[in-house]
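K.L.:
Following is a predicted model, sequence given first.
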Amino acid sequence: MVRAPARTCPNLSRLFDDAEPELLSGFLKSKAFERLSWLGPYRFDPENPDGPSVARNMLPQEKKDRLGPLEAEAARIVTIASHRGEYVLEGLAKTTLEPERAKELLNRRDKLARSLWAYANEHGLFEAAENSLHLRLYRRYDKHYQTFMAEPSVDGGPDAGSALLDELLVDLNKRLDRGDGYSIDKFDIPEDGDEPAAEMYLLFHPDPPTSVREIDDDGNRSSIYFRPPGEAMIV
């Protein structure tokens, strides 16, 4: 039976259907896929008019297990291309990027193009948008994944740039002991309805994605891709 790419890899299929050749080419050349040697024949120069159609051939030709890493990353891009994801991305771009750089992002033709451009060209901003989006969704449903819930601080919290906050970040750096790869990025989150404006600090250790093998009840093998531990978010 011929696989239906739109069902097995819906997010990757959407990129092939709707993304501009330049952005699609950049996606396939992403650092996240640099170890995928099988992807080489599908990568293309954006000036090659046949490039996108040749690359799309991977959908029916490659196994779902092999396409897993691309589908996982495509799902992240599609999520930020949603209405709420775009709102977060736009707000962070305006407060974080230089005006000309923000203009370059915001002038892309549609939500998917803006999300894909940020993923390829401003990955730190893209991840900040993911964290901000997830934070608000978790607060909305009164839960958090693999961490704890903290109510937004209305008063009594440290002011921006305060010595108390600086001391906390320095102490975290020491206690986490992540070495030279440890870093902190600060982002200003705009006000959104009942959610107050806030500062978000991302603490991360940029290891590449890793995977584990899984075998289901029918004996089918697949890989689950995930990011190593060592990331944290403070708002």
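P.N.:
Perfect, thanks for sending it.

K.L.:
can you pull up the bridge partners for E199?
P.N.:
With DSSP bridges applied, E199 shows beta-bridge pairing to D188.

K.L.:
show me where this structure has helices.
P.N.:
According to DSSP state H, the chain carries its helices in the segments 5-8, 10-18, 21-28, 51-56, 58-61, 64-80, 83-96, 99-106, 111-121, 123-140, 163-176.

K.L.:
Deepest-packed of these, please.
P.N.:
helix 111-121 (a mean of 22; mean count of other Cβ atoms under 10 Å). In this view, the C-beta of every residue, glycine as well, is placed from N, C-alpha and C.

K.L.:
who's in contact with that one?
P.N.:
14-15, 18-20, 23-24, 26-27, 30, 73, 76-78, 80-83, 85-86, 89-90, 93, 104-106, 108, 125-126, 129 (Cβ atoms under 8 Å, 6 or more residues apart in numbering).

K.L.:
Let me know the average pLDDT across that helix.
P.N.:
Taken as a whole, helix 111-121 has an average pLDDT of 96.

K.L.:
what does stretch 38-57 give?
P.N.:
Averaged across stretch 38-57, pLDDT comes to 94.

K.L.:
What are the buried residues along that stretch?
P.N.:
By 16 or more other Cβ atoms under 10 Å, the buried positions in stretch 38-57 come out as 39, 42, 44, 51-52, 55-56.

K.L.:
Tell me where the model's unsure across this protein.
P.N.:
Where the chain drops to pLDDT under 70, the residues are 1-6, 135-162, 176-182, 203-235.

K.L.:
Can you list phi and psi of R109 for me?
P.N.:
Here is the backbone geometry of R109 (degrees, to the nearest 10): phi -70, psi -30.

K.L.:
My error: substitute P196 in the last question.
P.N.:
phi -70, psi 160.

K.L.:
G193: which of the helices of the chain is closest?
P.N.:
Proximity to G193 (Cβ to Cβ) singles out helix 123-140 among the helices of the chain, at 9.2 Å.

K.L.:
farthest-separated two in the buried residues of stretch 38-57?
P.N.:
L39 and P52 (14.6 Å).

K.L.:
Please name the nearest non-neighbouring residue to G91.
P.N.:
Nearest residue to G91, sequence neighbours excluded (Cβ to Cβ, 6 or more residues apart in numbering): P190, at 3.8 Å.

K.L.:
next one: phi and psi at that neighbour?
P.N.:
phi -70, psi 160.
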